[in-house]
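**Q** Just a sequence and a predicted model for now, questions to come.
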Amino acid sequence: MPQYLSNDVALYVSKTLEASYNGDVSVGTNYAKIRSQQAGYLLPQIEFLNDAGVPGNGHEFATTWCANYLTHPAVTFTDDVNYGIAGRLALRALGGSVTTAAQGGTAAYKHSCAMLPIASGRQYPSFAMAAELGGATHRFAGMVVDRFSLSQNRADRPQYSVDVVGSGKFTTPHALTSLPSTMDLAACLNGSNVSVYWTDSSGTTTFSGAGCTLRSWSVEVANNLRLNDRCPGDSTKTLTYNSTTTAPAFTGKLLRGSRTVTAQLVILLDSTVVPWERYVTGQELTDVTFKAQSQTLAATGYYYTINYIIPKARITSVDPTDSDGDAALTINLTGMYDSVTGGALKAEVINLETSAYV
């Protein structure tokens, strides 16, 4: 029997959303290949119930073993920013309706969204993913983004990290045909074309570019999904092997909890400590922007871009730190409610996708 390396795994995420939660995506051409610097392979897991330690058996050992629920599959993808599947996940992490607008005629397209409005409920957009390694192939439905972050250290390639969680519903083998053989990166990047800036009472403060004092940055949205939100009437999955059958249930919803938006900048200490002064006086910052751009133009004047924007923010702390021997400041931010967008974060992705980029 052949054996495999961890990095032999092939992972896919659907480019299209499920029509309804747990609706699945069963067409292979609707999937994109995704990679991660963290090796991993997903296998469905079941929560079994037993009677170990229950008084009356006359002993402490289990005598029953019953399938209860399929547990939530969870996976983290971490990789260099790309303008294909990573951009889709950046939008799905916010959950709002995506609008697409042509840029520079019809050469490039900007896909924008805000956070899912409270009035629209708590179920975020769901999708499917697939994993295959050797003869083991599985397709998972009801996947939702739990957390998404963008980050960069010095001028390294900006990275994204995303946690996705599913309902437990799965299909094996995955039965997908015509899956992509390569990953769609859209464009390469080297980290030098990133822009980080905010607007304050003095105007626009830019931390990247000429005279750069920026050492690292990150921005993150966490949806705090409500796990194990089980209900009577949840659907079941029949599993049979060697004439033995179980029928564990899986959850029929995966709702968000209380969302948080946070960010961090590490900058070199200057002759003044303006960020600290804004912190101690509780000043509002607007349009705090983290723009991960490629060096390749999607069209004249338009770079491939993933852009997270915090419309309103406050500095929660300014801490002295060391950055490779240089005196530096760590600035921590929190997103505030913005009545215009109905949330605390906006997303923009610029690429060549003309439509249905969600």
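**A** Arrived safely.
**Q** Could I get the phi/psi values of Ala114?
**A** phi -110, psi -170 (degrees, to the nearest 10).
**Q** Got the confidence number for the nearest residue to it once chain neighbours are set aside?
**A** Sequence neighbours aside, Thr341 is the residue nearest to Ala114 in space, at 3.9 Å (criterion: Cβ to Cβ, 6 or more residues apart in numbering). In this view, the C-beta of every residue, glycine as well, is placed from N, C-alpha and C. The model reports Thr341 with a pLDDT of 97.
**Q** Likewise for Asn7?
**A** 88.
**Q** how deep is it tucked in, by neighbour count?
**A** 9 (other Cβ atoms under 10 Å).
**Q** got the contact list for it?
**A** Listed by Cβ atoms under 8 Å, 6 or more residues apart in numbering, the contact partners of Asn7 are Ala39.
**Q** Helix, strand, or coil at the spatially closest residue to Asp80 that is not a sequence neighbour?
**A** Distances taken as Cβ to Cβ, 6+ apart place Arg157 nearest to Asp80, at 4.5 Å, with adjacent residues excluded. For Arg157, the assignment made with DSSP: H, G, I helix; E, B strand; the rest coil gives coil.
**Q** if I pick the closest residue to Ala86 other than its chain neighbours, what's in contact with it?
**A** Spatially, and ignoring its direct neighbours in sequence, Ala86 is nearest to Tyr160 (5.0 Å; Cβ to Cβ, 6+ apart). Residues in contact with Tyr160 (Cβ under 8 Å, 6+ apart) are 77-81, 86, 89-90, 148-151, 292, 306.
**Q** Can you pull the phi/psi pair for Tyr160?
**A** phi -120, psi 150.
**Q** Ok, Asp8 next?
**A** According to degrees, to the nearest 10, Asp8 has phi -80, psi -10.
**Q** What is the neighbour count of it?
**A** The burial count assigned to Asp8 is 13, neighbours taken as other Cβ under 10 Å.
**Q** Quickly list what the nearest residue to it once chain neighbours are set aside is bridged to.
**A** Using Cβ to Cβ, 6+ apart and skipping residues adjacent in sequence, the residue nearest Asp8 is Leu133, 6.0 Å away. Taking DSSP bridges, one finds Ala136 as the beta-bridge partners of Leu133.
**Q** Am I right that Leu133 is in contact with Ala39?
**A** No. Look at Leu133 against Ala39 with Cβ atoms under 8 Å: they stay out of range, at 10.5 Å.
**Q** Now do the shared contacts for these two.
**A** Shared contacts of Leu133 and Ala39 (Cβ under 8 Å, 6+ apart): Val9.
**Q** neighbour-wise, which of those two wins?
**A** Shown here are Leu133 and Ala39; by other Cβ under 10 Å, Leu133 has more neighbours (18 against 10).
**Q** List the buried residues in stretch 246-255.
**A** Neighbour-count burial for stretch 246-255, counted by 16 or more other Cβ atoms under 10 Å, picks out 246, 248-255.
**Q** List the contacts of that stretch.
**A** With Cβ under 8 Å, 6+ apart, stretch 246-255 has contacts from 21-22, 46-47, 67-70, 72, 121-124, 126, 142, 144, 165-169, 225-231, 233-239.
**Q** try stretch 290-305
**A** 81, 83, 103-105, 107-108, 150, 152, 158, 160, 186-190, 192-196, 217, 219, 263, 306-309, 348-352.
**Q** And the helices in this protein?
**A** For the chain, the helices defined by DSSP state H occupy 85-92, 274-280.
**Q** quick one: average confidence on stretch 122-132?
**A** Averaging pLDDT along stretch 122-132 yields 98.
**Q** From Tyr41, how far off is the residue lying closest to Gln45 once chain neighbours are set aside?
**A** Spatial nearest neighbour of Gln45, excluding adjacent residues (Cβ to Cβ, 6+ apart): Thr71 at 4.6 Å. The gap separating Thr71 from Tyr41 is 16 Å, by Cβ to Cβ, to the nearest Å.
**Q** who's in contact with Thr213?
**A** Under the criterion of Cβ under 8 Å, 6+ apart, the neighbours of Thr213 are 207, 267-268, 270.
**Q** To clarify, my last question referred to Lys110.
**A** 100-101, 103, 348-350.
**Q** Check whether the residue nearest to Gln45 really touches Glu47, as I assumed.
**A** Yes. Counting by Cβ under 8 Å, Thr71 does reach Glu47; the two are 5.5 Å apart.
**Q** For those two, indicate the residue with more neighbours.
**A** Higher neighbour count among Thr71 and Glu47: Thr71, with 17 against 14, using other Cβ under 10 Å.
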